[in-house]
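Q: Would you be able to build a 3D model of this:
(chains A and B)
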Amino acid sequence: MAIICFIPFLMMLVNATRSNEAILSGFTLIPGSSLVENYTNMMEYVNIWSGFKNSLIISVLTTVLSGYFSALTAYGFAFYTFRGKNFLFVFMLVMMMVPGQLGLIGFYELSKNLGILDSFIPLIVPAIASPFVVFFLRQYIKTTLHPSLIEAARIDGASEFKIFHTVAIPIMMPAVATMSIFTFIGSWNNYIMPLVILFSPEKYTLPVLMGFLKGSQVAQNLGSMYLGIAISVVPIMIAFLFLSKYIVNSISAGSIKE
Amino acid sequence: MKKLDRYGYVFIAPFWIIFLIFSIYPVALTFYYSFTNYSGSGTAEVVGLANYARLLSDSYFVEAFFNTWKIWGINFALQIGLALVLALIFSDMRMKLKGLAFFRSIFYLPNLITISSVALLFGILLDWQHGSLNMILLNIGLISEPINWLNEPATAQLSVSLILTWMWFGHSFIVVMAGVSGISKDYYEAALIDGANRWQTFTKITIPLLKPILLYIMITSLIGGLQLFDLPMLLTDGIGSPDGSLNTMVLYLYNQAFKFNNYGYASAVAYGLFVITLIFSSLVFKGMYGNERKQARKV
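A: Okay, here's the model as predicted:
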């Protein structure tokens, strides 16, 4: 099984170093010597590193915004009583069930009317409102932060925001980190949203750029295609090598709530 | 105290402002468009239920519906089957297999890769003339001439299913293992003492206790599966070739809106998709928990 998981990657890496003719003539597991040639050929048409940069900017900002504002919202829901609280919370949960495609057309029109099409704003700012993260963090902080801690801080004269930043955030950190992994992966792999929102090739995210690669001249040279795919995949594999334990544990944490 | 409680609104305000603008408003706007003939420019004319009437008699949408189900169904059966078999092997007390963490990581790796890279990679691996898969099969002598995987409806759909399985079984496996590790060892020890074999332990203890987890996997996979888009879009020409067999519901929605500028109709497709998702999620839920409730009543 482990081999089956890995074989497509292996073929990709080997073929990335072989010339077009070599790939056409047959399959082998011995690396070729056309790596540099493939690279220059690919870079002539598609600047893959700009896709990397764009994806990274969007994903990092999305993760930070989603983490901070979800914690803020979760704290507000967990430790204050105000009119309409239950209604808002339930409404948020109901909206959580709505699939992303439902608002796609309205979202596109809204961005058009706001004049933010072909910019990163519609890909980043909505992260402030992430219902699932809020829900998860609220459940977490309800069980881990005792109200008496907040009371104690209040008696010491701390302001509400100071309490949030110095008491609540550190306690929520493990849960925020768990959710951040999901947010980051989700944003990094998002394809349909950037595809709809972005038009300028220099603003393309990595997934959109990969789709672009397929339709371009590069597709004629298989070695360069393999190399492009390899470049988009290898950094993730390296990052995963170091982080796999946390990522895998996060998946279990996200699914098991008993 | 009353004064402090006002901070609650301050804390949740950013969320609600953005939520209203970027989530609720678009969903409502799409709903409005679904009753119009909006084409992306000019004004939207209200046409009543015409879009929904068209949706119900649209053979392309019906085809996309069945395509989505076929692709998802094969993928899910394989994925959950593999995950359970692997869980059975790894959780067996008698075998004491080492390296669970390592295998979990390897199995999960394909899920992490950007799906468009995956689509591109398999697109050229499955290529008819130059693809490595055909070359390997030819070399071993399994086939005598290259198979045009992505040019036949059946093999194209099967390819997408298998790629999805490759991407997702690791995820299911991790979730199933998390569930298995939550089951008390006492049950297994008791079963061992009573002389139960592996299969009995698995079907009588593991599966029933895993029911909530399996339900979770099924519903999340179903919702994701009904939204299948990237892979069919990038694997062939983006409109569902060969023969419309890779035309999924979201791909149809995307093309109607952003290729053919039928925003009004595409909005109706979106709501059709939503209703379908709701119906099937609740059916799955009922199917899994309905029986339990009946049994509980008997007792």
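Q: The helix or strand encompassing residue A:62 near chain B at all?
A: Using DSSP states H and E, residue A:62 maps to helix A:48-79. Yes. Using Cβ under 8 Å from any Cβ of the partner chain, we find that helix A:48-79 touches chain B at A:69, A:70, A:72, A:73, A:75, A:76, A:77, A:79. (C-beta placed from N, C-alpha, C; glycine too.)
Q: ok, the first one touching residue B:12?
A: No. Taking contacts as Cβ atoms under 8 Å, residue A:69 lies outside contact range of residue B:12: 9.6 Å.
Q: Those two - which one has more neighbours?
A: Neighbour totals were compared for residue A:69 and residue B:12, and residue B:12 leads with 25 against 21 (other Cβ atoms under 10 Å in any protein chain shown).
Q: ok, the host helix or strand of residue B:282 near chain A or not?
A: Using DSSP H and E, residue B:282 sits in helix B:263-298. Yes. Using Cβ under 8 Å from any Cβ, helix B:263-298 reaches chain A at B:263, B:266, B:267, B:270, B:271, B:273, B:274, B:277, B:278.
Q: Residues contacting the lowest-mean-pLDDT helix or strand in chain A, please?
A: Among the helices and strands of chain A, helix A:20-25 carries the lowest confidence by mean pLDDT, DSSP states H and E, at a mean of 75. With contacts defined as Cβ atoms under 8 Å, 6 or more residues apart in numbering or on different chains, helix A:20-25 is touched by A:15, A:32, A:34, A:220, A:221, A:222, A:223, A:224, A:226, B:130.
Q: Try it again at 6 Å.
A: A:15, A:32, A:221, A:222, A:223, B:130 (Cβ atoms under 6 Å, 6 or more residues apart in numbering or on different chains).
Q: Check which residues of the helix or strand that contains residue A:208 are buried.
A: Assigned by DSSP H and E, residue A:208 belongs to helix A:206-215. Buried residues in helix A:206-215, counted by 16 or more other Cβ atoms under 10 Å in any protein chain shown: A:206, A:207, A:208, A:209, A:210, A:211, A:212, A:213, A:214.
Q: From residue A:192, how far out is the last one?
A: When you say that, I think you mean residue A:214. Remark: distance between residue A:214 and residue A:192 (Cβ to Cβ, to the nearest Å) = 16 Å.
Q: From the residues of helix B:263-298 next to chain A, list the buried ones, please.
A: Buried among the residues of helix B:263-298 next to chain A (16+ other Cβ under 10 Å): B:263, B:266, B:267, B:270, B:271, B:273, B:274, B:277.
Q: how deep is residue 249 tucked in, by neighbour count?
A: You didn't pick a chain, so chain A it is. Residue A:249: 16 surrounding residues under other Cβ under 10 Å.
Q: meant chain B actually
A: 25.
Q: That one against residue B:69, yeah?
A: No. When contacts are counted by Cβ atoms under 6 Å, residue B:249 is not listed as touching residue B:69 (9.7 Å).
Q: Tell me who's in contact with the nearest residue to residue B:265 once chain neighbours are set aside.
A: Leaving aside its sequence neighbours, residue B:265 sits nearest to residue B:51 (Cβ to Cβ, 6 or more residues apart in numbering or on different chains; 5.1 Å). The contact partners of residue B:51, by Cβ under 6 Å, 6+ apart, come to B:34, B:264, B:265, B:268.
Q: Same check on residue B:41?
A: Applying Cβ under 6 Å, 6+ apart, no residues contact residue B:41.
Q: Using the three-state scheme, assign it.
A: Here residue B:41 is recorded as coil under DSSP: H, G, I helix; E, B strand; the rest coil.
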